[in-house]
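J.: Give me coordinates for this.
(chains A, B and C)
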Amino acid sequence: MQFDDAEQQHEAAALGMWAFLATEILFFGGVLTGFVIYRHRYLEAFAEGGKELWPWIGTANTAVLLLSSFAMAMAVHEAETQGRRKHIARYLLLTALLGATFICVKAVEYTIDWHEGLIPSLNWHPEHLSHPDQTQMFFFFYFFLTILHAIHMTAGIGVILIVAWQTRRPDFSSEKKTTVEMLGLYWHFVDVVWIFLFPLLYLTA
Amino acid sequence: MTEHKTPTSTLFATLIALMVLLALSVVASKMLQGAAATTAALAIAVAKALLVGWIFMDLRRSSPLTRLIAVSGLFWLLIMVVLTAMDFATRGM
Amino acid sequence: MSENIVQPELPLQRLNYINHDWSVWSWINSRDHKRIGVMYLLTITFLFFLGSLPAILIRLELLTPAPNLVTREIYNRLFTMHGVTMVFFFLVPSIPTSLGNFLLPMMIGARDLAFPRMNLASYYLFLAGAILALVSLVNGGVDTGWTFYTPYSTTFSNSAMTPMILGIFVAGFSSIFTGLNFIVTVHTMRCPGMYWSRLPLFVWSMYATSLILVLATPVLAITLLLVAAEHWFQVGIFDPKLGGDPLLYQHLFWFYSHPAVYIMILPSMGVISELVTTFSRKHVFGYTFIAFSSIAIAVLGFLVWGHHMFVSGQSMYAGMVFSVLSFLVAVPSAIKVFNWTMTLHKGSLVLKTPLLYALGFIGLFTIGGLTGLFLAALAVDVHVHDTYFVIAHFHYIMVGGTMMAYLGGVHYWWPKITGRMYPEGWGVFSAVLVFFGFNLTFFPQFILGYMGMVRRVADYDPQFQVLNVLSTAGASILGVGFLLPLCYLLWSLRYEPIAGDNPWGATGLEWKSPSPPPELNFETPPTVDGPAYDYDTETIHQEGKKKHV
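T.: Predicted coordinates for the structure are as follows:
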């Protein structure tokens, strides 16, 4: 109603989503600033922390997320090329499934960390670490960053499922195709955040 | 709406490239040490992010304004990190 | 609420955004930017008076050197509540959410903002945040100061921290949504002929403010989350016991909070540009310079945050860098003051209430800005940091600047928003009272700070008592000055004459619409074929005379 035509609406949606992603860069950026400062200061302790993580799980999870980005790009492609609603839905569901896999793997990782006594403050048993307080800081960052990321992913999965449901309606119009595109931007961004978190957290050792 | 939509083959090629870079980053972390390892890891991450941004997020076909917004977010993050690090780096000098 | 006072017994009124539906649901579920702007206006007015209450107690307490009225504990909670309420729940939202929401679409010839539902969500997020902060207040409030410095806020403070932090966190998203909405709207929804170079300066300042809202607020949000995490789990990154650095908190906090002060002043500068041109019947001097200086302030404002940390333990070199950059950011503000002055020069001044507030702004903002430069000088700041000098400086900007521009803007656009004029005599009287009361309250505080009176402390050396008594006397006059508009503006809704479409004879698309405007803002979609502030034409002058009530 406030727009003159569909093109204006699409332009507004894209600008809005990109501006929102800029805010997300700064949102995660605050924590990353702290991480960068302390990693430089406590190189050894942070490296020791990184050794406690399982890099092959992290690698596998990264691959899962990259695959989900591909699935989402395919969904957007279908939406842009006036593809069949069923195809859009399938790619969206594949994206959601891969995202859920990522979350489950992280849950497994967190469980392992709990059993190893690596949860700051709640279950912290640093007997074998040389700088326990500083490594605890590493794990604070690890959990804070990955949980923040996981929350963003979960929200994304939720919206993906809703939009996938909406494709069942025959009047799935060009408005909704813009939605798929915007959802894609959001999902890819969450992927990019992980692309940086993975080396910072898992490959520091 | 927009012409020259990214073909599926390009999307698939991007996925392969991303996976190759992922493997590369793991190999590099095992073979390099210290600052070299960190630099390599971050450089590869930047390359992956550029691929995702340029192809998947369609910056390739986006307006200059959209690209400006994307860059601005990163630039502002850089301001925060650099000026903060400047304080910590020059303490006790 | 008070809009219901517009009486139905008048002869057939045109359908406008107020009277087309009287139901409460149509208001609280409205996507109309004008209704949302009005709801914000009412809410922030309430929060302003709420935030004034602790200030009243503070000034009463400071009548005597010893803590006679309240305990030191309570005093700490009072200045914290005053700061939090005024900064996060009044000044940051004030002009953008009330006047900005109402006017931005109209000024660019649009029917609404780009994302009306997000606008409504923004309002409810703000309300939720304010309620959470009130929950904290009811539970005794927080005593850390509005700056929540660690490790005090993470280690020693009380449980009322949690709702307080969450309240500000939630309200932060309200800010971000408003900023996103404004940016996208200005880019995509300008009417035909409304080029960037023809935008009213108020729109330029809303755009610049939105850049800051979008880029700075997320950092505040994440910093508050980190403080909460450290507060709950007693592990984290700001505690020296665990190898953390409290200065990291300060960097992250001020990365937002310094640009935040530009969020608070840029919109008011936009208002002043509008007032100065209308009430001198003259186009703005140096339009391009004022427009670009708004953007310059927004950008440069992000580079200076370390000037809040000169004596905190920051490195000397960082201090020097931030000091130089802080001098730089004063330049675009000075350009604006110069341009406003040159607009007034040889203009035919109409000395109505809005212009009085604008004149007060120009003088008081200049004093506030200059004293900011004193503070930016490292050698001076070492002596006056954490004294009343700082308090006087920022109140000159926030009250002498933002508050006066806000009042000027509310009076100026009152006829457009409500369809009624306000009583001019009372307007002038209140403006003078505010100006006089303000200076009596805060000028002595410059002297007190210079003489060494420390801030955020309930006790002071008896030699400071006379100036403190003067300051409190001024505060009581200022309080009356603020209460009067509340009374006569509400009164005007029923008893004042109905305003015409353009009672001031001003340029700008908002004045081409009826007062109050229809739901979709314009009866016919407007087009623009000339620059803003085209006052040199005789026609507009005549139109203004005809339409003036």
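J.: Quick check: buried residues in the helix or strand encompassing C:Ala379?
T.: In the assignment (DSSP states H and E), C:Ala379 maps to helix C:378-384. By neighbour count on 16 or more other Cβ atoms under 10 Å in any protein chain shown, the buried set for helix C:378-384 is C:378, C:380-381, C:384. (Each C-beta comes from the backbone N, C-alpha and C, glycine too.)
J.: is any part of that helix close to chain B?
T.: No. Figure legend: helix C:378-384 not in contact with chain B (Cβ under 8 Å from any Cβ of the partner chain); closest approach 14.3 Å.
J.: Wait, a helix at B:Leu83?
T.: Yes. Per DSSP: H, G, I helix; E, B strand; the rest coil, B:Leu83 lies within a helix segment.
J.: Is it correct that it is in contact with C:Leu303?
T.: Yes. Between B:Leu83 and C:Leu303 there is a contact under Cβ atoms under 8 Å: 7.0 Å.
J.: For these two, indicate the residue with more neighbours.
T.: B:Leu83 (21 against 18; other Cβ atoms under 10 Å in any protein chain shown).
J.: quick one: contacts for the more buried one?
T.: Residues in contact with B:Leu83, defined by Cβ atoms under 8 Å, 6 or more residues apart in numbering or on different chains, are C:303, C:305-306, C:318, C:321-322.
J.: and these as TSV, adding distance to chain A?
T.: TSV is the format used below for the contacts of B:Leu83 (distance: Cβ to the nearest Cβ, whole Å):
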residue	distance to chain A
C:Leu303	15
C:Trp305	12
C:Gly306	14
C:Ala318	13
C:Val321	17
C:Phe322	16
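J.: Just list the residues touching A:Pro55, thanks.
T.: With the criterion set at Cβ under 8 Å, 6+ apart, A:Pro55 makes contact with A:202-203, A:205, B:26, B:29.
J.: With A:Val105 instead?
T.: A:57, A:60-61, A:64.
J.: Help me confirm that it is found in a helix?
T.: Yes. Applying three-state DSSP, one finds A:Val105 inside a helix.
J.: Show the model's pLDDT score for it.
T.: Model confidence at A:Val105, given as pLDDT, is 96.
J.: what does C:Met309 give?
T.: 96.
J.: Can you tell me the closest non-neighbouring residue to it?
T.: Spatially, and ignoring its direct neighbours in sequence, C:Met309 is nearest to C:Gln250 (5.3 Å; Cβ to Cβ, 6 or more residues apart in numbering or on different chains).
J.: can you check C:Gly363 too?
T.: That would be C:Gly400: by Cβ to Cβ, 6+ apart, it lies 8.0 Å from C:Gly363.
J.: now do C:Ile362
T.: C:Trp340 (5.8 Å).
J.: Looking at the stretch 251-400 of chain C, what residue ends up closest to chain A?
T.: Using Cβ to the nearest Cβ, the single residue of the stretch 251-400 of chain C nearest to chain A is C:Leu252, 5.4 Å away.
J.: picking up where we left off before, overlap in contacts, B:Leu83 and C:Leu303.
T.: Joint contacts of B:Leu83 and C:Leu303 (Cβ under 8 Å, 6+ apart) are C:Phe322.
J.: mind saving the C-alpha coords of the host helix or strand of C:Trp414 as PDB?
T.: Assigned by DSSP H and E, C:Trp414 belongs to helix C:404-418. Taking Å, rounded to 0.1, in the frame of the first residue of the first chain, the C-alpha atoms of helix C:404-418 are listed here in PDB:
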ATOM      1  CA  MET C 404      14.900  23.300  23.300                       C
ATOM      2  CA  ALA C 405      14.900  22.100  19.700                       C
ATOM      3  CA  TYR C 406      12.400  19.400  20.600                       C
ATOM      4  CA  LEU C 407      10.100  21.900  22.200                       C
ATOM      5  CA  GLY C 408      10.600  24.300  19.300                       C
ATOM      6  CA  GLY C 409       9.700  21.500  16.900                       C
ATOM      7  CA  VAL C 410       6.700  20.300  18.800                       C
ATOM      8  CA  HIS C 411       5.300  23.900  18.900                       C
ATOM      9  CA  TYR C 412       6.100  24.400  15.200                       C
ATOM     10  CA  TRP C 413       4.500  21.200  13.900                       C
ATOM     11  CA  TRP C 414       1.700  21.200  16.600                       C
ATOM     12  CA  PRO C 415      -0.800  22.700  14.100                       C
ATOM     13  CA  LYS C 416       0.100  20.100  11.500                       C
ATOM     14  CA  ILE C 417      -0.200  17.200  14.000                       C
ATOM     15  CA  THR C 418      -3.300  18.300  15.900                       C
END
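J.: next helix or strand past it?
T.: Heading C-terminal from helix C:404-418 (DSSP H and E), you reach helix C:424-451.
J.: and the angle from that following helix to helix C:404-418?
T.: In terms of direction (axes from the mean of the first three to the mean of the last three Cα atoms, to 10 degrees), helix C:424-451 departs from helix C:404-418 by 160 degrees.
J.: Residue numbers of chain A in contact with chain C?
T.: Checking chain A against chain C by Cβ under 8 Å from any Cβ, the hits are A:1-3, A:8, A:11-12, A:15-16, A:19-20, A:22-24, A:26-31, A:33-34, A:37-38, A:41-42, A:120-122, A:124, A:133-134, A:136-137, A:140-141, A:144.
J.: Apply 7 Å and report the result again.
T.: Residues of chain A lying near chain C by Cβ under 7 Å from any Cβ of the partner chain: A:2, A:8, A:11-12, A:15-16, A:19-20, A:22-23, A:26-27, A:30-31, A:33-34, A:37-38, A:42, A:120-121, A:133-134, A:136-137, A:140, A:144.
J.: Would you mind giving me the PyMOL syntax to select the buried ones in the residues you listed?
T.: In PyMOL syntax, the buried subset of the residues of chain A next to chain C is picked out as below (16+ other Cβ under 10 Å):
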select buried, chain A and resi 2+11+12+15+16+19+20+22+23+26+27+30+31+33+34+37+38+42+120+133+134+136+137+140+144
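J.: Can you name the residues that contact C:Tyr270?
T.: For the record, residue C:270 is Gly, not Tyr. Residues counted as contacts of C:Gly270 (Cβ atoms under 7 Å, 6 or more residues apart in numbering or on different chains) are C:201-202, C:204-206.
J.: what residues does the one helix or strand A:Gly50 maps to touch?
T.: Using DSSP H and E, A:Gly50 sits within helix A:43-52. Helix A:43-52 is contacted from outside by A:39, A:118, A:129-131, A:134-135, A:138-139, A:201-202, A:204-205, using Cβ under 7 Å, 6+ apart.
J.: Show me which positions of that helix end up buried.
T.: Buried-residue list, helix A:43-52, by 16+ other Cβ under 10 Å: A:45-46, A:48-50, A:52.
J.: Going toward the C-terminus from it, what's the next helix or strand?
T.: Assigned by DSSP H and E, the successor of helix A:43-52 is helix A:55-80.
J.: now that following helix against helix A:43-52, angle please.
T.: 70 degrees.
J.: in helix A:55-80, what's buried?
T.: A:55, A:58-59, A:61-80.
J.: ok, the closest residue to A:Arg84 other than its chain neighbours - contacts?
T.: Distances taken as Cβ to Cβ, 6+ apart put A:Glu78 closest to A:Arg84, at 7.4 Å, once the chain neighbours are dropped. Listed by Cβ under 7 Å, 6+ apart, the contact set of A:Glu78 reads A:87-88, A:91.
J.: Which strand or helix spans the closest residue to chain B within the stretch 1-150 of chain C?
T.: Of all residues in the stretch 1-150 of chain C, the one sitting closest to chain B is C:Ala114 (14.2 Å; Cβ to the nearest Cβ). Using DSSP H and E, C:Ala114 falls within no helix or strand.
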